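> Need coordinates for the following:
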Amino acid sequence: MTAGGPVLVIDTATTRAVIALGTADGSLVEARSWVAGYRHGEELLARIESLLGDRAVGGRDLGGIIVGTGPGAFTGLRVGLATAKGIAHAFGLPIAGVATAGALLHASAAAGDLDAGTLVLLQPAGLSDRVVSRLGAAPVILPGGEEPDLAGGRTLIALDLAGRAPDEAVVLGEAAHAGLAGALLADGAPRLASGGDDLARLVPEYVTLPRGVPGALPDDGVEITGGRSS
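Model (predicted):
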């Protein structure tokens, strides 16, 4: 580990994975994103190695890792958290978990000059359900057929929901995702400076699980903190 070294950002909570490098003070250096679908494990580590190599940054040069914790689907989040934890453990790096939903809300507010507290984020949770996130509140599963409460002039943002949410909300979701790396970095950098999170206790927030997967995964320290089977 290099104190004050570059910070690696990883997020696999959505169908588009994000990796980035930033500075210890939270400034974004470079972000990369690609459509991973639900196959994050096939490319994530190679993409990270490519980013670090292109920037001539070795693992021991890093100052810490920021990882998005969701909510999101089982496969992507588990791959992202396991990869981030593995790198942190290997190089003795501090790690900070940041809620992906909160970062998306802040990114959307910054992109549209909006009040993040008035925004409502909608993401998929299986084939028919969706998950609703607001700042200062735990994510809530919205059963299929129900619509989010937008009372009080709230603005809807939808991610990974083309055809399942209003077009204008999907457009706002695209803009939010474009700013995700920077928002994760802005939130996580101060926490890294304060020592980061306990590696063993850092867990994702799943919204869907494959059938037959138990509610805890002791092999890698990742536990289920929310969601339903699908």
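> got the contact list for residue 76?
12-15, 17, 36, 38, 40 (CB atoms under 8 Å, 6 or more residues apart in numbering). Backbone N, C-alpha and C define where each C-beta goes, glycine included.
> Most distant residue from the centre of this protein?
Relative to the C-alpha centroid of the chain, counting by CA atoms, centre = their mean, residue 152 is the outermost residue, at 27.3 Å.
> how deep is the residue nearest to that residue when sequence neighbours are not counted tucked in, by neighbour count?
Distances taken as CB to CB, 6 or more residues apart in numbering place residue 118 nearest to residue 152, at 7.5 Å, with adjacent residues excluded. As a burial measure, residue 118 scores 15 neighbours (other CB atoms under 10 Å).
> need the contact list for residue 118.
Per CB under 8 Å, 6+ apart, neighbours of residue 118: 152-155.
> coming back round to it: so which of the contacts of residue 76 is the most crowded?
residue 13 (32 neighbours).
> Next, give phi and psi for that one.
Main-chain dihedrals, residue 13, degrees, to the nearest 10: phi -80, psi -20.
> Leaving out chain neighbours, which residue sits closest to it?
residue 72 (3.2 Å).
> count of neighbours near the one you found?
Quick note: residue 72 (other CB under 10 Å) scores 31 neighbours.
> related to what we said a few turns ago, out of the contacts of residue 118, which end up buried?
residue 155 (16 or more other CB atoms under 10 Å).
> Looking at the longest helix seen in the chain now, give me its mean pLDDT.
Assignment by DSSP state H gives helix 74-91 as the longest helix of the chain. The average pLDDT within helix 74-91 is 93.
> Could you export it as PDB, CA atoms only?
Extracted in PDB, the C-alpha atoms of helix 74-91 (Å, rounded to 0.1, in the frame of the first residue of the first chain):
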ATOM      1  CA  PHE A  74     -26.600 -11.500  -6.600                       C
ATOM      2  CA  THR A  75     -24.100 -12.400  -9.300                       C
ATOM      3  CA  GLY A  76     -22.700  -9.000 -10.100                       C
ATOM      4  CA  LEU A  77     -22.500  -7.800  -6.500                       C
ATOM      5  CA  ARG A  78     -20.800 -11.000  -5.300                       C
ATOM      6  CA  VAL A  79     -18.200 -10.800  -8.000                       C
ATOM      7  CA  GLY A  80     -17.500  -7.100  -7.300                       C
ATOM      8  CA  LEU A  81     -17.300  -7.500  -3.600                       C
ATOM      9  CA  ALA A  82     -15.200 -10.600  -3.700                       C
ATOM     10  CA  THR A  83     -12.800  -9.000  -6.200                       C
ATOM     11  CA  ALA A  84     -12.400  -5.800  -4.200                       C
ATOM     12  CA  LYS A  85     -11.900  -7.700  -1.000                       C
ATOM     13  CA  GLY A  86      -9.300 -10.000  -2.600                       C
ATOM     14  CA  ILE A  87      -7.300  -7.100  -3.900                       C
ATOM     15  CA  ALA A  88      -7.500  -5.200  -0.600                       C
ATOM     16  CA  HIS A  89      -6.400  -8.300   1.300                       C
ATOM     17  CA  ALA A  90      -3.600  -9.100  -1.100                       C
ATOM     18  CA  PHE A  91      -2.000  -5.600  -0.900                       C
END
